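K.L.:
Return a 3D structure for these sequence lines:
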Amino acid sequence: MKALILTNRVPFPPNSGYPIVVYNTIKGLLKLGVEVTLFSINASKHRVDVDDIYDPVFEQISFHSYNIDTEVNIWGAFFNIFSNQSYNVSRFYDDEAAKLLENVLREQEFDIIQFEGLFVVPYLDVVKEQSKAKLIYRAHNIEFDVWERLAAGEQFRPRRKYLEFLSRRLKVYETEQINRFHQVFCDQ
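P.N.:
Numbering: from 1, shown residues only. Alright, predicted model coming up:
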């Protein structure tokens, strides 16, 4: 069996929640004899120098990554207000990353493609165009709920209103996307 795992950050080293969960998933799949390919967005906030990864699990997988600047910027946030996209999610999409993923999908067939969290879901259309694999979405969080709580705790009214706006957009996106997968799993 061949599996492709898409992540919004490189899970090496496994030093916090998301990387630990993804790392252990990969480790478990390898123990079951699954051939694992990992495609990671190497986001600016958690950038990893992939040349410095020395890990026995890493040595057993096929790995692809793409560096993306996901930092929030005032102009991006402002212009996003006039779009219909979730700013939280759109920062993780890049056309060049999509092309790299498309090449990976053309080079081999996968039985399963697992999306580790909402921030790699923008690549779902590319995957659906290139693959007939079973598509799995693993929700590490209900993201809009996280942002609703952030908004509720914000004292500065303009910032609270903006966070509420972001959480509403995120809720629409998240609830629409989960129905596009064959299977949905969530962490407890």
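
K.L.:
Which of the residues in stretch 91-103 are classified as buried?
P.N.:
Arg91, Phe92, Tyr93, Asp94, Ala97, Ala98, Leu100, Leu101, Glu102 (16 or more other Cβ atoms under 10 Å). The way it works is simple: take the backbone N, C-alpha and C, and place the C-beta from them, glycine included.

K.L.:
Just give me the residue closest to the centre of the chain.
P.N.:
Centre of the chain computed as the mean C-alpha position; nearest residue by Cα atoms, centre = their mean is Val120, 2.9 Å away.

K.L.:
where's the nearest residue to it once chain neighbours are set aside relative to Gly33, distance?
P.N.:
Computed as Cβ to Cβ, 6 or more residues apart in numbering, the closest residue to Val120 that is not its neighbour in sequence is Leu6, at 4.2 Å. Look at Leu6 and Gly33: by Cβ to Cβ, to the nearest Å, they are 21 Å apart.

K.L.:
likewise Met1?
P.N.:
Distance from Met1 to Gly33, by Cβ to Cβ: 7 Å.

K.L.:
cool, Glu176 as well?
P.N.:
35 Å.

K.L.:
same deal with Tyr123?
P.N.:
According to Cβ to Cβ, Tyr123 stands 26 Å off from Gly33.

K.L.:
The two - which one has more neighbours?
P.N.:
Tyr123 (21 against 7; other Cβ atoms under 10 Å).

K.L.:
Run a quick check on the more buried one versus Asp94, I expect a contact.
P.N.:
No: between Tyr123 and Asp94 there is no contact, the gap being 9.6 Å when judged by Cβ atoms under 8 Å.
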